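[1] I would like the atomic coordinates for the input below:
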Amino acid sequence: MNDMIKAMAGGFAGACVLTLVHETVRRFVPDAPRMDVLGMRSISTLMQKAGEEPPRDKEELHNWALAGDVVSNSLYYSLAGSGKDAWWRGALLGAAAGAGAVLLPGPLGLGEEPSNKTTKTQAMTVGYYLLGGLVAAAVGYALSDDEDQ
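    Predicted structure coming up:
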């Protein structure tokens, strides 16, 4: 298996775990991050700026946001790569994504509450993205050849 496929497999695993955690915890914890809301706002804003009508059905828009999250996060987390160095790259990528998810939505006009509602929300946001980066690293490492480790 070549290195790019290993990295993409790790990125996909990290993105899936991130999305699964977000979607599960938000149903049970009132202060949980709502990155799905940020995704829906992003899609709506981009479509309107392009002169298109975003889906009116909230469930359809939510599904689009989840799919977009998995695709974009898969590509991002694939940068962790494979081999022993995947660990530090995955941790760095995850922490950076978490910090960005807390710091950027407000200045981008997407609202702050989904990732900044409380200190607990902020910590969970960073933790989720860090977890995604570490899962990507773990899969990339597990798939790497013996000489890469």
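[2] Buried by neighbour count: which residues of the lengthiest helix in the chain qualify?
    Counting residues, the longest helix found in the chain (DSSP state H) is helix 119-143. Residues 121-122, 124-126, 128-141, 143 are the ones in helix 119-143 that count as buried (16 or more other Cβ atoms under 10 Å). Backbone N, C-alpha and C define where each C-beta goes, glycine included.
[3] measure Val135 to Asp3 for me?
    18 Å (Cβ to Cβ, to the nearest Å).
[4] Please enumerate the helices of the protein.
    Secondary structure of the chain (DSSP H): helices at 3-25, 35-49, 58-77, 86-103, 113-116, 119-143.
[5] winner for burial among these?
    Across those, averaging neighbours per residue (mean count of other Cβ atoms under 10 Å) puts helix 119-143 on top, at a mean of 22.
[6] what about that one, distance to the chain center?
    Distance of helix 119-143 from its chain centroid, counting by Cα atoms, centre = their mean, to the nearest Å, is 9 Å.
[7] lowest-pLDDT helix or strand in this structure?
    One helix or strand of the chain scores below all others by mean pLDDT, DSSP states H and E: helix 113-116, with a mean of 92.
[8] Can you list the helices and strands that that one packs against?
    helix 35-49, helix 86-103, helix 119-143 (3 or more Cβ pairs under 8 Å, 6 or more residues apart in numbering; DSSP states H and E).
[9] do you know which of those lies nearest Phe12?
    helix 119-143 (8.3 Å; Cβ to Cβ).
[10] now the angle between helix 86-103 and that closest one, please.
    For helix 119-143 against helix 86-103, the angle by axes from the mean of the first three to the mean of the last three Cα atoms, to 10 degrees is 150 degrees.
[11] re the thing from before, could the helices and strands packed on helix 113-116 go into JSON lines alongside distance to His22 and mean pLDDT?
    Formatted as JSON lines, the helices and strands packed on helix 113-116 follow (distance: least, Cβ to Cβ, whole Å; pLDDT from 0 to 100):
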{"stretch": "helix 35-49", "distance to His22": "5", "mean pLDDT": "94"}
{"stretch": "helix 86-103", "distance to His22": "10", "mean pLDDT": "97"}
{"stretch": "helix 119-143", "distance to His22": "6", "mean pLDDT": "96"}
